[in-house]
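Chemist: pasted the sequence and its predicted model underneath.
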Amino acid sequence: MELSKTVKDKTFDDYFTEVKHSETITGMLRPGSLRLFCLNVRNGKIRSSDLEKFAMLNIGRYVFSRAKQENFRSAGNLDSVTQQALRVMRKSTKARNIAAGETLGEIMVYAVMEEKLNAHKLLSKIELGTDAAQYASEADGIHFLCKDGGNVLSDQMVFGASSVTGDIQDAIDIAFEKISRIANHEDSELLLIEKTALDRFYEEDDLKLLTSYVIPEEHKNASYGTSFGVFLGYSLGLIPDGYDDDQFRERMHLKMIRDIKAHEDYIAGKIREAGLQNHSFYFFTLPLNQAETESNEIMQHVMEGDVDL
C-alpha cells in the first residue's frame, strides 16, 4: 500500500532518460541508490526547454496539496490551478529572497522522489514554507516511502535536499549542508508531519495509510525510519565541437558516469562526516549546459508563464 502519486502521469519519462551504470556508494549500512538522468540534446546542447515544460506541467501538483487540488476540482476551478500556483511561487520566491533557480532543484527533488523512488509527497518545499511555515522546516520536501519487500525493507520518511550549481562537488557540499540541518532538526520535522499531514489529503486510502503508518496513535511510536532524497544539478562541462547529436549524447552519458564515479568516495565521506551511515540515501543527478544561469532562466520563464507546451 502506498500514497497516491501527484506528478502528472508519463511526463517524467517524456522528458528524462535514465543513464544506467554500476557505480555505488561504499560503506552504507542501509540500502540506497545513485541514479543519473539527462535531458535530450539538440545541436550539441542539452534541451533545457524540456525542463521548463516539465516544471510547468507539474507546477500545480507541486505547489498544492491533494486536498487543495480537490477543492479546485469540486468548485469547478481546475483551469485556475496553474495560474494560482505560479502566483504562490512568485510570492514565495520574493519572500525567501532567493534566486528563482533555487526553486528548480526543489521541484526536481519532489518529482524524482515521486516518479522514480515511489516516495510520494507529504509536503513540498513550497508547502513547507507557506502552509507549515511556523514549523521552520529545513527540508526541500518531505515524502513517505512504503516498504516493498525488495530493495525498500522498511517504511521511511524521506527528507528532500537539493542543489543546482555549476560544479558537482559544490552541489554535493550545498546539499549536505541542508542534510545536516535537517538531521539536527529531525524531531521538529516529524512533529510537523504529525500536526499537518492529515489536512493535506482527502482520498480514503491515503487517509487510512496516514493513520496506520505515518501518524501514530496516542501512546504509540511511529514505525518508520528516516532517509534522504538528494537532487544534484550541475554543469556538464562538455565541449560539443565536432560531434553530431548521437555522438554528443553518448559522450554526455559517459561523462555523467565519470562525474559520479569521481565523487563516490567524496559522497561517502560526507555521509560519514554527518554521522548518517545508518540512513538510506537516494541520489539523483541531472546535468545542464550552464546550471546556475539556466536554472534561473528556466524558473523565470515558468513563473512568468512564458513556456510553450
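Modeler: Perfect, I can see it now. None of the values given here were measured: they were computed from a predicted structure.

Chemist: could you report the pLDDT at E217?
Modeler: E217 carries a pLDDT value of 65.

Chemist: G150 too?
Modeler: pLDDT, G150: 66.

Chemist: same question for K195.
Modeler: Looking at K195, the pLDDT reads 85.

Chemist: so which residues make contact with stretch 258-278?
Modeler: 21, 23-30, 34, 36, 168-169, 172-173, 176, 179-180, 183, 228, 234, 279, 281, 283, 285, 287 (CB atoms under 8 Å, 6 or more residues apart in numbering). Glycine gets a C-beta too; all of them are placed from N, C-alpha and C.

Chemist: next, the residue of the chain most remote from its centre: secondary structure please.
Modeler: Most distant from the centre of the chain: G242, at 34.8 Å, with distances by CA atoms, centre = their mean. Secondary structure assignment for G242 (DSSP: H, G, I helix; E, B strand; the rest coil): coil.

Chemist: the closest residue to H21 other than its chain neighbours sits in which helix or strand?
Modeler: For H21, ignoring the flanking residues on the chain, the nearest one in space by CB to CB, 6 or more residues apart in numbering is I257 at 4.7 Å. Applying DSSP states H and E as the criterion places I257 in helix 245-273.

Chemist: same question, I179
Modeler: helix 168-184.

Chemist: now the lowest-mean-pLDDT helix or strand in the chain: buried residues?
Modeler: In the chain, the helix or strand scored least confidently by mean pLDDT, DSSP states H and E is helix 204-209, which has a mean of 82. Neighbour-count burial for helix 204-209, counted by 16 or more other CB atoms under 10 Å, picks out 206, 209.

Chemist: that helix: how far from the chain's middle?
Modeler: Offset of helix 204-209 from its chain centre (CA atoms, centre = their mean, to the nearest Å): 23 Å.

Chemist: CA atoms of it as PDB?
Modeler: Only the C-alpha atoms of helix 204-209 are listed here, as PDB (Å, rounded to 0.1, in the frame of the first residue of the first chain):
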ATOM      1  CA  GLU A 204      -9.900   7.400   1.900                       C
ATOM      2  CA  ASP A 205      -6.900   5.100   1.000                       C
ATOM      3  CA  ASP A 206      -4.400   7.900   1.700                       C
ATOM      4  CA  LEU A 207      -6.000   8.800   5.000                       C
ATOM      5  CA  LYS A 208      -6.100   5.100   6.000                       C
ATOM      6  CA  LEU A 209      -2.300   4.800   5.300                       C
END
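
Chemist: A helix includes I239, no?
Modeler: No - I239: not assigned to a helix; according to three-state DSSP it is coil.

Chemist: mind checking how far I126 is from E52?
Modeler: Using CB to CB, to the nearest Å, I126 is found at 18 Å from E52.

Chemist: try E194
Modeler: In terms of CB to CB, E194 sits 36 Å off from E52.

Chemist: out of the two, which sits in the busier spot?
Modeler: E52 (23 against 13; other CB atoms under 10 Å).

Chemist: residues contacting the more buried one?
Modeler: 298, 301-302, 307.

Chemist: most neighbours among these, which one is it?
Modeler: Each of the contacts of E52 was scored for neighbours by other CB under 10 Å, and I298 scores highest at 27 neighbours.

Chemist: now do the contacts for that residue.
Modeler: 48, 51-52, 55, 101, 104.

Chemist: now find how far off-centre the helix or strand that contains it is within its chain.
Modeler: Element membership of I298 [criterion: DSSP H and E] is helix 291-303. On the basis of CA atoms, centre = their mean, helix 291-303 sits 17 Å off its chain's mean C-alpha point.
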